[in-house]
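Visitor: What shape does this take:
(one chain, ligands or ions: 1)
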Amino acid sequence: SLEGKTAVITGSNSGIGLGIAHEMAKAGASVVINSFTDREEDHALAAQIAEAHGVDVRYIQADMSKGAECRGLIEKAGRCDILINNAGIQHVCPIDEFPVDKWDAIIAINMNSAFHTMAAALPKMRAAGWGRVVNIASAHGLTASPFKSAYIAAKHGVVGMTKSVALETAREPITANAICPGYVLTPLVEAQIPDTMKEYNMTREEVVENVMLTRQPSKEFATVEQMGGTAVFLCSDAAAQITGTTISVDGGWTAL
Ligand code: NAD
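Guide: All right, here's what the predicted structure looks like:
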């Protein structure tokens, strides 16, 4: 059980982050959910998760594109025994047309935020004598596809950063790992279907079958519950010697 632990999950009012929040709460952890939006629904969501699992859940607004806010999230959380770096965005475009502001935003949110939150969280984990970092990378942290240069650069960066932090904490009761999901049908994936349809001149069904799931030998989307379950496993005693590595939850994508 993760009772007594506090899990801070960046970008968790939707998709995989929200799925992880539920699984962490189910496992008994206190949870901090986050987004940059600060809407009434975000606070209501925290109350819902708390109600569903009988644990303490707080919503803390912070924009993961800004280093100081990333660090501020960890400070405001108080404890941070489990850090899940999940916030992420995508933009699909050939590199010679890739908008510079999108490049900068993807690198900031998908990669730099993990630097800032880990820098702020590690001293807290050391003080508590236990810590788990779980970075949500991607199959695109290990392989590539066309038209996603910023995302792939950021996710490869996260995988590398995770290994470095694992070595820095290797002699301590702290681990750092990355989960590499294949395709999970979340709002992020829904949003890239229209652009991919355009790039490849395909229908929606063709994009799902021939672009997305073509890389996923299981021919099934992975689920947010499976990501949450994997994150909870990485926080278990069984995973205490698992550090500096990646766990693919991708239906066989990276075996191809
Ligand atoms: P999603 O769009 O459903 O969720 C993204 C989350 O990030 C949301 O909660 C959003 O509020 C938050 N976010 C975005 N910008 C933010 C900012 N500036 N500050 C704070 N929060 C911000 O997407 P998802 O599919 O659940 O993706 C979650 C993570 O999983 C991402 O890092 C993504 O790259 C990764 N991932 C997703 C898939 C997939 O198939 N869905 C596959 C591999 C990796």
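Visitor: which stretch of helix or strand covers residue 227?
Guide: Assigned by DSSP states H and E, residue 227 belongs to helix 224-234.
Visitor: Could you identify the helix or strand that succeeds that helix?
Guide: strand 246-249.
Visitor: which other helices and strands contact that following strand?
Guide: strand 174-181, helix 224-234 (3 or more C-beta pairs under 8 Å, 6 or more residues apart in numbering; DSSP states H and E). C-beta here means a position set from N, CA and C on the backbone, and glycine is covered the same way.
Visitor: circling back to that earlier point, quick one: mean pLDDT for the helix holding residue 227?
Guide: For helix 224-234, the mean per-residue pLDDT is 98.
Visitor: in it, what counts as buried?
Guide: 224, 226, 227, 228, 229, 230, 231, 232, 233, 234 (16 or more other C-beta atoms under 10 Å).
Visitor: what would the helices and strands packed on strand 246-249 look like in a markdown table with distance to residue 199?
Guide: Formatted as a markdown table, the helices and strands packed on strand 246-249 follow (distance: least, C-beta to C-beta, whole Å):
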| stretch | distance to residue 199 |
| --- | --- |
| strand 174-181 | 22 |
| helix 224-234 | 26 |
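Visitor: Name the residues of the chain found near the ligand, please.
Guide: 11-17, 34-36, 63-65, 86-89, 109-110, 136, 138, 181, 183-184, 186-189 (C-beta under 6 Å from any ligand atom).
Visitor: need the strands for the stretch 51-200 of the chain, in chain order.
Guide: 57-61, 82-85, 131-136, 174-181 (DSSP state E, counting those that start in this stretch).
Visitor: hmm, back to that, run the angle between the helix holding residue 227 and strand 131-136 for me.
Guide: Per axes from the mean of the first three to the mean of the last three C-alpha atoms, to 10 degrees, the angle that helix 224-234 makes with strand 131-136 is 150 degrees.
Visitor: who does helix 224-234 touch, helix- and strand-wise?
Guide: helix 15-26, strand 131-136, strand 174-181, strand 246-249.
Visitor: Highest mean neighbour count out of the strands of the stretch 51-200 of the chain?
Guide: Mean neighbour count (mean count of other C-beta atoms under 10 Å) peaks for strand 82-85 among the strands of the stretch 51-200 of the chain, with a mean of 30.
Visitor: Parallel or antiparallel, which strands does it pair with?
Guide: Strand 82-85 pairs in its sheet with strand 6-9 (parallel), strand 131-136 (parallel), by DSSP bridges.
Visitor: What's the mean pLDDT across stretch 2-12?
Guide: pLDDT averaged over stretch 2-12 gives 98.
Visitor: gap between it and the chain center?
Guide: Chain-centre distance of stretch 2-12: 13 Å, with C-alpha atoms, centre = their mean, to the nearest Å.
Visitor: Residues in contact with that stretch: which ones?
Guide: Residues outside stretch 2-12 that contact it (C-beta atoms under 8 Å, 6 or more residues apart in numbering): 17-18, 20-21, 24, 27-35, 62, 64, 70, 73-74, 77-88, 109, 113, 117, 121, 130, 232, 235.
Visitor: tell me how far the ends of it are from each other?
Guide: End-to-end distance for stretch 2-12, by C-alpha to C-alpha, to the nearest Å: 19 Å.
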